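Chemist: attaching a predicted model along with its sequence, questions to come.
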Amino acid sequence: MGFYILRRIGQTALTAVFVSMIVFSLARVTGDPTISLLPTEATQEDRDFFRRQLGLDQPLHLQYLTFVGRVLEGDMGKSFRYRESALGIVLNRLPATLQLAAVSMLLATIIALPIGILAAVRRDTWIDTLARWFATLGQATPTFWLGLILILVFSVHLGWLPTSGRGGVENLVLPAITLGWFSAAAIARLTRSSMLEAMQSDFVRFERLSGLPERIVVLKHALRNAAIPIVTYMALQFGVLLSGAVVTETVFAWPGVGLIVVDAINARDYPVVQAAVMVTAMLILLLNLLVDLLYSWLDPRIRY
Amino acid sequence: MDDAAGAILEVRDLHVRFRTRRGPVQAVDGVNFSLAAGEILGVVGESGCGKSTLCTSLVRLLPENAEVTGSIRYRGEELLTKSGAEMRELRGREITMVLQNPMTAMDPLFTVGNQLDEVLRHNSSMRGEERRSRALEMLRLVHIPSPVERLRSYPHQMSGGMKQRVLTAMATSLSPGLLLADEPTTALDVTIQEQILRLLADIRGSLGTAIVLVTHDLGVVRRITDRVMIMYAGRAVETGDTEAIFTDPKHPYTRALLASIPRIGHTGRRLTAIDGQIPDLADLPPGCAFAPRCPSAMSGCTTAFPPAFNTGPERTARCWLHEGSPA
Amino acid sequence: MSDRFFFRRWNLGLQDSMRGAPVLATILVALFVGAAVLAPWIVPHNPADQNFLVSLAPPFWQEDGSLSYPLGSDNLGRDILSRIIYGARLSLIISVFAIALAGSVGVLLGLIAGYVGGAIDSLIMRIVDAFLALPFILMALGFVAALGPSVTNIIIVMGITNWARYARLVRGEVLSIKSRDFVALARVAGQPRWRIGIRHILPNVTNSIIVLATLDLGRVIILESSLSFLGLGVQPPDISWGLMLSDGRAYMTVAWWLTIMPGLAILLAVLSLNIFGDWMRDRLDPRQGRD
């Protein structure tokens, strides 16, 4: 058990190093910052001075080490536009994105699990057909389009819900449905297939032979076994939600990390983009690690 | 045969047909047998002869595309007309089953104690403490060392043989009248097989449970069964007393099976190949399905399947060779 | 396995290989590909032609609609149908090239990881983990912003952000195939490692790759349209479904078809590709059946 945890933490740390390299390279491919930051009439001396200031005259690996050192101190550079810590700006917006993603995930789970389980239990009936259509359709719907249609129907025509902004629960409904829609479909699909697999296993057959009520066989044993892939997948989906929030936040003007990233990209404010990618990636890594640890609690076979 | 008052299980003219994409498959075709309390019946045949289907049909757990007709009477009550709830009452309490592969027959996420307890809780009115002592008692009965610790073990912490013994304990914890054992030793080591067989014989002795033992291992059959039913292509081709059948087989298929046992050595008594192909249940030849492989086949064999002819006291064979005997 | 499918396909003809295919989805996929390939010859109007006399014309079944603009026109009087057809062309070009790029990189690294094993394997797999952990759309946005939003750059970015799944898939397949007899035989026969890799292992993983690539097409189409919708993908005067949606958004309340039509095009294209891909998976690679 202890060894397993240590190994997973080690792997995560190594992955984090690679993530930081990718984010670092993101900074390098953005080109020479002196061109976008200095006025066009700046002299070559000005540029060279500025490059030394930013450490761009150093060899690449030293630049990377400096970058990592700063990141570890919580310094991801200053926003070109606001002259404040880029990390600070991102962290400021993070709660809004986390809130949206969490509510979407909750919504998706509440919808998807019963649909997936019911479809598996009533395999090949109309319920199953309906569930499969829901899953297939949901995974083919472009998020932004769904958002626009929801606005068109519920805000413009019916006038029930606001079109944009963050505030009370009424502001959360449409964005959460929009963002969670794809995940609901994906989770429902996986729940169905995992449940089908679990229900075909020998132990389910033995439990039925042993006279256990169907409710216990399905909801306790089959579901608990199916839960292992489902939980991993949900963690993966949460990552998709965090990242996909960009689109939803843009459609609904939800003031989260995504909105500020799109903003920052349009303004060529790269430190903010980097900080956002870094923070989101680290969150996803951490989440994956947590899920793996949760595994060892769900599955006794891993407790070695 | 006789409708002996002592019969615990009475199967009459049982047919199981699966509707599949390739057309109907007749997996069990007109099987008759009866089983007295505490008796062990061996059901023998090559794989795909319908013996596992027969077993599963007795507890009404076949997939939905199966059509079952005929009659299955357990302690005089017809099972085929019982509701799902009534069948659930019987399963686990009166009729239980041990499966072929013990490795996958237990939920890997729960402890042995938890799973044993669950079976007792849902099939009896025992209270917590009572269930625990019953579980321990059962583990002792199946010779599990340090049963108290075992209750806390997970399935993956036990060997295959130990799992099969635990599963046998689960299946017999409420002294069922009938235990269906579907190739319970096939997936195990030869040395472990012996232990499980002895265990089944013990259980019959101590609990008086009747056992249907499905197997393709004739050595096993000879050692512990009282009577045998030989199946071929979904049909019971020969039934009778075990010793009688082993010493004087009447059906050519039984003879071929017995001839395929290696004469020397005690292990490895599996069925080795009999010439010819195992028949395809979806596409059976007319008449006797064994005829294409039968050394004594006659011209009539490929047109009509024979009825059961009596070939001795409580013995039948479905073969035209015995036409002279009264059906 | 893979070659059997293709041989059968060519030997016994299209009819047999398509047996059991989902009819509607297959027709839609064919329509999508057909429209993309034949775009210049089948469009009723030049998609860039502006005609202010017919701006914001509704679809033909509506009052004031006309068959010369079957799906209506946009605010500049451009024909929606023609633009959707051209959008299909760019969508298909981008997604096919992006997947080809992602697939080649992923397959190569996956082959190396699975075949060489050891430290190189763990190194590659950690990089795969890193790419899978990266917030996908955010990273794509970042790279597009850095490189500049041209069609080539979009393809490169999608390649960079999508290769990891192919590497993981191929590595897993290689590991399972590696243990099989014929590979051992080839080894005993003294064939060099790289040659075993290419001659014996690659053909065996082709099926899984084809299935993943088909299912990925839909994903990449949605991703491209998302980027374009955010203004960071395809740029005017090129035509993309996402871009049409983002342009039409301002007219949503007065001319719903500007938003609904391109969205419907994306939905139907992705839906039919996914259904078609699922069918291919069941047929080619039953083991991959679970998500």
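Modeler: Received it, and whenever you're ready, just let me know what you need.
Chemist: which parts of the stretch 1-150 of chain C sit against chain A?
Modeler: Proximity of the stretch 1-150 of chain C to chain A is confined to C:126-127, C:129-131, C:133-139, C:141-143, C:145-147 under the rule C-beta under 8 Å from any C-beta of the partner chain. (Each C-beta comes from the backbone N, C-alpha and C, glycine too.)
Chemist: lowest average confidence, helix or strand, in chain B?
Modeler: One helix or strand of chain B scores below all others by mean pLDDT, DSSP states H and E: strand B:309-312, with a mean of 80.
Chemist: what residues of that one count as buried?
Modeler: Going by neighbour count (16 or more other C-beta atoms under 10 Å in any protein chain shown), the buried part of strand B:309-312 is B:309, B:311.
Chemist: return the list of strands paired to that strand, each annotated with direction.
Modeler: In the sheet, strand B:309-312 lines up against strand B:315-317 (antiparallel) (DSSP bridges).
Chemist: so which bits of chain A are right by chain B?
Modeler: Within chain A, the positions near chain B by C-beta under 8 Å from any C-beta are A:201-203, A:205-214, A:216, A:221, A:224-225, A:298-301.
Chemist: hang on, the earlier thing: from the residues of the stretch 1-150 of chain C next to chain A, which land in helices?
Modeler: If you go by DSSP state H, the residues of the stretch 1-150 of chain C next to chain A have C:126-127, C:129-131, C:133, C:136-139, C:141-143, C:145-147 in helices.
Chemist: just these now: which is nearest residue C:112?
Modeler: Distance to residue C:112 across these (C-beta to C-beta) is lowest for residue C:127, with 11.5 Å.
Chemist: so the closest one sits against residue A:14, correct?
Modeler: No: assessed by C-beta atoms under 8 Å, residue C:127 is found out of contact with residue A:14, at 9.4 Å.
Chemist: between those two, which has more neighbouring residues?
Modeler: residue C:127 (22 against 17; other C-beta atoms under 10 Å in any protein chain shown).
Chemist: what distance do you get for the more buried one to residue B:205?
Modeler: Using C-beta to C-beta, to the nearest Å, residue C:127 is found at 64 Å from residue B:205.
Chemist: go on, residue C:167?
Modeler: Distance of residue C:167 to residue B:205, computed by C-beta to C-beta: 61 Å.
Chemist: more crowded one of these two?
Modeler: residue C:167 (27 against 10).
Chemist: any part of stretch C:241-253 near chain A?
Modeler: Yes: Stretch C:241-253 comes into contact with chain A (C-beta under 8 Å from any C-beta), by way of C:242, C:245, C:249, C:252, C:253.
Chemist: pull out the buried residues from the residues you listed.
Modeler: By 16+ other C-beta under 10 Å, those give C:242, C:245, C:252 as buried.
Chemist: can I get these in TSV including secondary structure and distance to chain B?
Modeler: Compiled in TSV, these are given as follows (DSSP: H, G, I helix; E, B strand; the rest coil; distance: C-beta to the nearest C-beta, whole Å):
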residue	secondary structure	distance to chain B
C:242	helix	43
C:245	helix	44
C:252	coil	49
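Chemist: what's around the closest residue to chain C within chain B, how many residues?
Modeler: Nearest residue of chain B to chain C: residue B:21, at 11.0 Å (C-beta to the nearest C-beta). By the criterion of other C-beta under 10 Å, residue B:21 has 6 neighbours.
Chemist: equivalent analysis for the one 10 residues further on, please.
Modeler: The burial metric for residue B:31, expressed as a neighbour count using other C-beta under 10 Å, is 23.
Chemist: check which element follows the strand or helix carrying it along the chain.
Modeler: In this assignment (DSSP states H and E), residue B:31 forms part of strand B:23-36. Counting by DSSP H and E, the next helix or strand C-terminal to strand B:23-36 is strand B:40-44.
Chemist: dump that following strand to CSV, restricted to CA.
Modeler: Provided in CSV are the C-alpha atoms of strand B:40-44 (Å, rounded to 0.1, in the frame of the first residue of the first chain):
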residue,chain,number,x,y,z
ILE,B,40,-25.5,-38.1,-6.4
LEU,B,41,-26.2,-38.0,-10.1
GLY,B,42,-23.3,-37.6,-12.6
VAL,B,43,-24.2,-35.8,-15.8
VAL,B,44,-21.5,-36.6,-18.3
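Chemist: which ones are touching residue 9?
Modeler: Here I'm looking at chain A. By C-beta atoms under 8 Å, 6 or more residues apart in numbering or on different chains, the residues touching residue A:9 are residue A:289.
Chemist: not what I meant, chain B
Modeler: Shown in contact with residue B:9 (C-beta under 8 Å, 6+ apart): B:33, B:34, B:35, B:58, B:72, B:73, B:74, B:178, B:210, B:212.
Chemist: where's the residue of the stretch 201-304 of chain A found nearest chain B relative to residue B:185, distance?
Modeler: The stretch 201-304 of chain A approaches chain B most closely through residue A:211 (2.4 Å), counting by C-beta to the nearest C-beta. Separation of residue A:211 from residue B:185 (C-beta to C-beta) stands at 24 Å.
Chemist: just residue A:13 next, same as before
Modeler: Between residue A:13 and residue B:185 the computed distance is 49 Å (C-beta to C-beta).
Chemist: check residue B:99 too.
Modeler: Computed as C-beta to C-beta, the residue B:99 to residue B:185 distance reads 12 Å.
Chemist: so who does the spatially most central residue of chain C touch?
Modeler: Taking C-alpha atoms, centre = their mean, the centroid of chain C lies closest to residue C:217, which sits 2.0 Å from it. By C-beta under 8 Å, 6+ apart, the residues touching residue C:217 are C:95, C:96, C:99, C:273, C:277.
Chemist: quickly find the element holding the residue in the stretch 151-300 of chain A that chain C sits nearest to.
Modeler: As assessed by C-beta to the nearest C-beta, chain C sits closest to residue A:243 within the stretch 151-300 of chain A, at 3.3 Å. When elements are defined using DSSP H and E, residue A:243 is found to belong to helix A:223-252.
Chemist: now do the helix or strand just after that helix: which elements does it pack against?
Modeler: Later in the chain than helix A:223-252, the nearest helix or strand by DSSP H and E is helix A:257-266. In this structure, helix A:257-266 packs against helix A:86-121, helix A:223-252, helix A:270-298, helix C:136-147, with contacts taken as 3 or more C-beta pairs under 8 Å, 6 or more residues apart in numbering or on different chains; DSSP states H and E.
Chemist: pick out the shakiest of those, pLDDT-wise.
Modeler: Across the helices and strands packed on helix A:257-266, helix C:136-147 has the smallest mean pLDDT, namely a mean of 79.
Chemist: run the chain-centre distance for that one.
Modeler: Relative to its chain's centre, helix C:136-147 lies at 18 Å (C-alpha atoms, centre = their mean, to the nearest Å).
Chemist: quick one: pLDDT of residue B:193?
Modeler: Reported pLDDT for residue B:193: 83.
Chemist: do the same with residue C:234
Modeler: At residue C:234, the pLDDT value in this model is 83.
Chemist: am I right that it falls within a helix?
Modeler: No: counting by DSSP: H, G, I helix; E, B strand; the rest coil, one finds residue C:234 to be coil, located in no helix.
Chemist: mind checking which helix or strand the residue positioned nearest the centre of chain B is in?
Modeler: By C-alpha atoms, centre = their mean, chain B has its centre lying nearest to residue B:214, at 3.2 Å. Using DSSP H and E, residue B:214 maps to strand B:210-215.
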